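Enquirer: Let me see the structure of the following:
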Amino acid sequence: MTIIEQIRKELFDLNQKYIDEADDNYDFWNNHIKYVVSEAVNLAKTHNADLEIVELGALLHDIALVAKVGTKADHNTNGAVIAKELLTKYNYPQDKMDRVIGCVLNHRSSKNATNFDELCVADADIIAHFYNIPNAFVIGVKKHNFSRPEQFMTWLAGDYDDLSPATKLAFRDRFNGIMKTLFNDLWENV
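Expert: Residues are numbered from 1 along each chain as shown. Modelled structure (predicted):
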């Protein structure tokens, strides 16, 4: 079994435990992480980044949330600790482990990325929000108390603005199509 398969299994087990035990029964894999992994791998190919590092970083980027360790605000730092424990368990080489941990630590904004591996995971985390718009609206209502379309529009536009310049350019047409579909006349007036 490869390291990616081992980590994926660990993540799936934790995800199922979360679904079974948490009040919200949120499915991190199907609602978010699978999209991050897919997009991160695509971005890694575009940026000639290390596919293994990027895929592991994408798999582990929200591991602290799935494991219910700490808060959303510190999930990247707690996730780095969990990622280190898991990768150490599988005797993953230290130099590669440090790079995966960097992806977990810096996934919250492309502005924090220190290399292309981290950039791929950070940008993929943002783009994943646009794969599952119904989930984004549920989060907007439940966690941010949004009640007006303008609030959602501003929030999604803020996500887009946080992308790295190259990814923002590549994603622009798709983003504008999504925003026009969701917000119609409101988006045209922006």
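Enquirer: Identify the residues contacting stretch 6-16?
Expert: Counting by CB atoms under 8 Å, 6 or more residues apart in numbering, stretch 6-16 makes contact with 1, 27-29, 33, 56, 59-60, 63, 66-67, 86-87, 90, all of which sit outside it. (Glycine included, C-beta is placed from N, CA and C.)
Enquirer: List the residues that contact the residue nearest to the spatial centre of the chain.
Expert: Of all residues in the chain, the one closest to the mean position by CA atoms, centre = their mean is residue 125, 2.7 Å from it. By CB under 8 Å, 6+ apart, the residues touching residue 125 are 36, 58, 61, 107-108.
Enquirer: change it to 10 Å
Expert: Contacts of residue 125 were listed using CB atoms under 10 Å, 6 or more residues apart in numbering, and they are 32-33, 35-36, 39-40, 57-58, 61-62, 103, 107-110, 159, 162.
Enquirer: Please enumerate residues in contact with the lengthiest helix in the chain?
Expert: The residue-count maximum for a helix in the chain (DSSP state H) belongs to helix 165-188. Residues from elsewhere that reach helix 165-188, judged by CB under 10 Å, 6+ apart: 39, 42-43, 46-47, 110, 119-120, 122-124, 126-127, 130-131, 133, 136-137, 148-150, 152-153, 156-157, 159-164, 189-190.
Enquirer: could you dump that helix to CSV, C-alpha only?
Expert: Once non-C-alpha atoms are left out, helix 165-188 reads as follows in CSV (Å, rounded to 0.1, in the frame of the first residue of the first chain):
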residue,chain,number,x,y,z
PRO,A,165,-2.7,35.5,-9.5
ALA,A,166,-2.0,32.6,-12.0
THR,A,167,-4.8,30.5,-10.6
LYS,A,168,-7.2,33.4,-10.5
LEU,A,169,-6.6,34.1,-14.2
ALA,A,170,-7.1,30.4,-15.1
PHE,A,171,-10.3,30.2,-13.0
ARG,A,172,-11.7,33.6,-14.0
ASP,A,173,-14.2,32.5,-16.7
ARG,A,174,-15.5,29.6,-14.6
PHE,A,175,-15.8,31.9,-11.6
ASN,A,176,-17.7,34.6,-13.5
GLY,A,177,-20.0,31.9,-15.0
ILE,A,178,-20.8,30.5,-11.5
MET,A,179,-21.4,34.0,-10.0
LYS,A,180,-23.6,35.1,-12.9
THR,A,181,-25.6,31.9,-12.6
LEU,A,182,-26.0,32.3,-8.8
PHE,A,183,-26.5,36.1,-8.6
ASN,A,184,-27.6,37.1,-12.1
ASP,A,185,-28.2,40.9,-12.0
LEU,A,186,-26.4,41.4,-8.7
TRP,A,187,-23.2,40.1,-10.2
GLU,A,188,-23.5,42.2,-13.4
